[in-house]
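Novice: Following is a predicted model, sequence given first.
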Amino acid sequence: MNKMSVNTKWFRQVATKVVAVAVALTAPIAYAAPLSPTVIAQAALQIQNFRSELVSDLSPGTDLVFTVEATPRAKANLTIGTSARNVTMQEIEPGIYEGHYTIRRSDRISNSTPVRVTLRRGNQTATARLNQPLIETATNFDPNADTNETTIKQFTVDPIENLEPGTELVFRVIGTSRAKVSFTITGVVRNRAMDEINPGTYEGHYTVRRNDRIPVGVVIIALLKNGGQTVQSRLNGGLVNDKEPPTVQNLFPADSSVATTDRPKISGVFDDGRGTGVDPKSVRIRFDGRDVTRGARITATSFNYQLPRALLPGQYRVEVDLKDLAGNVGRSTWAFDVTRQVAAQPLFIKILSPANNSTIPVGQIVVRGQSSPGALVSLDVQAASSVVGFLGYSQKVFNESVQADAQGNFTFQFQSVVSFQGTRYELLFNATKDNESRQERWVLIQK
């Protein structure tokens, strides 16, 4: 090997090392990415806003509604003075919690009663105290007032005559200008955007579809976002232009009738036609001049009151005062007689319509039957369907109780909420009276 070839080989080795070093020096330096703070430690809980819907008074039966804006996916509980502790709040939107409390007769709640919310997640806790009164004052909001506060001053809907497919609902919000505003109809539409038609005035529209199920008293909420703040307001009243007062139907014992027992269960079914529905908190029941509301079972559709002891022979009077969600006031009064008790008839239950194993259309289903007069009849409806390509579907769609009238008649109404042809509705009837019980099973098939 000559000297020239050795030098050439050495030169190539040195050149290769120099190039490698140069590449290493000019290559970007790799750094370890820092861990997100959420990996190192859970973010601290925060409560940004705590407010209450104002009420006209703090009498028994008044529903208090509280809203909290805070860290999402936590557990929130309310404490109202010494009257209520650990009232659970539900997270209705991410980071927005809502809680309800109905004032009882034994409660001592005033405008200055301290109300606190506690937020918990893991081993973290945050608390806040309500910094506003519970009762509304005579001070009204000026919709045209110039303010930087993020607020919803009014949330309304244009009244309609009928709630049916094709009906257009028009919602309006007055609040902070140049904000993002939306409305939600629970179970129907979520966060539908509203347009700012004038400074601080927003309008949103929704057309009712054929498959929509909008029950009486559906919760409708407006949401306003301005910068980093969010406020909400719940729509008061109903959607329908309701001017007719509610009534009480299917009275038991019937008016001017003779009770079949000396200890009848007094009951009735509320009827508001195509209106907004009855407000159960407004119902007041008097029996023979005495207020028995506290001892009665009251829902949005009916009431019943079990007399605590046997009645002496004579005439007795029942009075029921009630309001619908539109504020219309109704009253029903009737009287019945009690005579010497006669021998009780055996308990029975009979379904008159629709026929067992018959087909039914989509929509409202009316079930009629007979049982012993005064019997308490319950109906449990389970819907089950199987669609090709999908898993089987099963859901409880109805559970309610009524009392058979003086002639033993009873009626139930429920919605066939599943639109699949062939859906099977399994109906379980149960009648009870004087420690006796009878059952009947029925099957209906959807067209």
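Specialist: Arrived safely, thanks for sending.

Novice: Show me the protein divided up by domain.
Specialist: 40-129, 152-234, 247-338, 349-446 (automatic domain parsing).

Novice: how about JSON lines for those, with distance to residue 240 added?
Specialist: C-beta coordinates here come from the backbone N, C-alpha and C atoms, glycine included. Output for the domains of the chain, formatted as JSON lines (distance: least, CB to CB, whole Å):
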{"stretch": "domain 40-129", "distance to residue 240": "21"}
{"stretch": "domain 152-234", "distance to residue 240": "6"}
{"stretch": "domain 247-338", "distance to residue 240": "6"}
{"stretch": "domain 349-446", "distance to residue 240": "16"}
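
Novice: residues contacting the residue nearest to the spatial centre of the chain?
Specialist: Central residue of the chain (CA atoms, centre = their mean): residue 219, 6.0 Å from the mean position. Applying CB atoms under 8 Å, 6 or more residues apart in numbering to residue 219 gives the contacts 186, 234.

Novice: can you tell me how far it sits from residue 414?
Specialist: 21 Å (CB to CB, to the nearest Å).

Novice: likewise residue 407?
Specialist: Taking CB to CB, one finds residue 407 at 23 Å from residue 414.

Novice: Looking at these two, which has the bigger crowd around it?
Specialist: residue 414 (18 against 10; other CB atoms under 10 Å).

Novice: now the more buried one: how far from residue 363?
Specialist: The value you get for residue 414 to residue 363, if CB to CB is used, is 10 Å.

Novice: partners of residue 198 in the sheet?
Specialist: residue 201 (DSSP bridges).

Novice: Dump the domains of the chain into TSV; add mean pLDDT as well.
Specialist: TSV is the format used below for these (pLDDT from 0 to 100):
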stretch	mean pLDDT
domain 40-129	85
domain 152-234	89
domain 247-338	91
domain 349-446	83
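
Novice: among those domains, which is nearest residue 241?
Specialist: domain 152-234 (3.6 Å; CB to CB).

Novice: and the closest one, how far apart are its ends?
Specialist: 10 Å (CA to CA, to the nearest Å).

Novice: How far away from the center of its chain is it?
Specialist: With CA atoms, centre = their mean, to the nearest Å as the basis, domain 152-234 stands 17 Å off its chain's centre.

Novice: Tell me the secondary structure at the residue lying closest to residue 69 once chain neighbours are set aside.
Specialist: Using CB to CB, 6 or more residues apart in numbering and skipping residues adjacent in sequence, the residue nearest residue 69 is residue 49, 4.0 Å away. At residue 49 the chain is in strand, as set by DSSP: H, G, I helix; E, B strand; the rest coil.

Novice: Residue 49: neighbouring residues, count only.
Specialist: 15.

Novice: List the contacts of it.
Specialist: Shown in contact with residue 49 (CB under 8 Å, 6+ apart): 67-70, 229-231.

Novice: Residue 67 versus that one, what's the distance?
Specialist: In terms of CB to CB, residue 49 sits 8 Å off from residue 67.

Novice: just residue 443 next, same as before
Specialist: Counting by CB to CB - residue 443 and residue 67 are separated by 44 Å.

Novice: okay, the two: which has more neighbours?
Specialist: residue 67 (21 against 11).

Novice: which ones are touching the more buried one?
Specialist: 49-53, 96-98, 232.

Novice: Alpha carbons only: can I get whatever helix or strand residue 172 lives in in PDB?
Specialist: Assigned by DSSP states H and E, residue 172 belongs to strand 168-175. C-alpha atoms of strand 168-175 as PDB (Å, rounded to 0.1, in the frame of the first residue of the first chain):
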ATOM      1  CA  GLU A 168     -94.000  27.600  15.600                       C
ATOM      2  CA  LEU A 169     -92.700  28.600  19.000                       C
ATOM      3  CA  VAL A 170     -91.200  32.100  19.300                       C
ATOM      4  CA  PHE A 171     -89.000  32.700  22.300                       C
ATOM      5  CA  ARG A 172     -87.600  36.100  23.400                       C
ATOM      6  CA  VAL A 173     -84.900  37.100  25.800                       C
ATOM      7  CA  ILE A 174     -84.000  40.600  27.100                       C
ATOM      8  CA  GLY A 175     -80.600  40.800  28.600                       C
END
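
Novice: mind listing the helices for this structure?
Specialist: 3-26, 37-40 (DSSP state H).

Novice: which one of those helices has the lowest average pLDDT?
Specialist: Ranked by mean pLDDT, the helices of the chain end with helix 37-40 at the bottom, a mean of 38.

Novice: if we can go back for a sec, give me the buried subset of the contacts of residue 49.
Specialist: 67-70, 230-231 (16 or more other CB atoms under 10 Å).

Novice: In strands, which of those fall?
Specialist: Judged by DSSP state E, the subset of these located in strands is 67-70, 230-231.

Novice: still on that earlier bit, adding distance to residue 325, write the buried ones among the contacts of residue 49 out as JSON lines.
Specialist: As requested, these are arranged in JSON lines below (distance: CB to CB, whole Å):
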{"residue": "67", "distance to residue 325": "20"}
{"residue": "68", "distance to residue 325": "25"}
{"residue": "69", "distance to residue 325": "27"}
{"residue": "70", "distance to residue 325": "30"}
{"residue": "230", "distance to residue 325": "27"}
{"residue": "231", "distance to residue 325": "23"}
